[in-house]
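>>> What follows is a predicted protein model with its sequence.
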Amino acid sequence: MVEVGPGPGGLTRALLDTAAADVTVVEVDDRAVAIMEELAATAGDRLRIVAGDALRMDLTTLVPAPRHIVANLPYNIASPLLVGWLRQGRAWERLTLMFQQEVAERICAAPDTEAYGRLSVLAQWVGHVDIMVRLPPDAFVPPPKVWSAVVGFTPHDDQPEPELFSRMERLTAAAFGQRRKMLRGSLKPLGGQTLLDRAGIAADRRAETLSVAEFDRLVRLL
């Protein structure tokens with residue numbers, strides 16, 4: 001199990017009480033690392049502390065499969081961390097991640113809703129996602145200004161190859177980059193009308209109306 005951004009140690013203690021074979025903590029804050037090292041001294045071989053920035057690390061190299069990431073993510077880098085882990089979807093048994101509630105709702109949003117966008121498609125294309133719990137600001141010390149939510153993510157058995165994932169990143173970036181545009185315009189650099197005709201998708205639709213399955217059909221024709 002890999003824990004990212006543990007804070008003062010309460011989450012780490014809780015994870016050590018589970019059936020996890022071992023817990024590896026990744027923490028960039030030197031103060032938190034010092035607290036974790038004190039805990040490691042009493043936890044035996046099951047707890048390892050890795051000081052470093054999770055954005056710059058390949059967490060799959062830290063622990064053998066099956067791997068489960070549990071993270072209270074820094075909200076300013078939560079999205080790039082998630083996308084990086086989605087690229088490695090087949091490496092994870094499960095992700096349990098805390099986000100700002102607005103981001104969690106975008107990840108789990110359905111088509112034809114205001115929150116549906118690039119993160120929704122990428123996450124739901126790679127795995128099954130659901131909001132497990134919502135937490136008010138006063139659940140934390142110090143309290144943030146926003147609500148938070150924990151998202152559970154279980155990868156699908158069939159995972160895209162890295163090259164296909166890169167194409168989906170390009171496709172969704174173009175489609176949602178100017179989300180009020182019709183797809184014939186927003187996808188013009190990627191084939192526009194011709195691509196949409198091949199996929200059997202009306203060119204006057206907008207990105208937020210497409211299902212994840214329709215995005216999958218498009219990306220495989222790019």
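Nice, thanks for sending it over. Numbers count the residues shown, from 1 in each chain.
>>> Following the record's annotation, map out the domains of the protein.
For the chain, automatic domain parsing gives the domain ranges 2-155, 162-219.
>>> Export these to JSON lines and append columns for mean neighbour count and mean pLDDT.
Yep, even glycine has a C-beta here, placed from its N, CA and C like the rest. Compiled in JSON lines, the domains of the chain are given as follows (neighbours: other CB atoms under 10 Å; pLDDT from 0 to 100):
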{"stretch": "domain 2-155", "mean neighbour count": "17", "mean pLDDT": "91"}
{"stretch": "domain 162-219", "mean neighbour count": "16", "mean pLDDT": "96"}
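>>> max-length helix in the protein?
Longest helix in the chain, counting residues (DSSP state H): helix 162-177.
>>> host element of the residue nearest the centre of the chain?
Geometric centre of the chain, nearest residue: Leu82, 2.7 Å, by CA atoms, centre = their mean. Using DSSP states H and E, Leu82 sits in helix 78-87.
>>> What separation is there between the closest residue in space to Glu214 that isn't next to it in sequence and Leu187?
If the residues on either side of it in the chain are set aside, Glu214 comes closest to Ile201, at 6.0 Å by CB to CB, 6 or more residues apart in numbering. Distance of Ile201 to Leu187, computed by CB to CB, to the nearest Å: 10 Å.
>>> what touches both of those two?
Common neighbours of Ile201 and Leu187 are listed as Leu218 (criterion: CB atoms under 8 Å, 6 or more residues apart in numbering).
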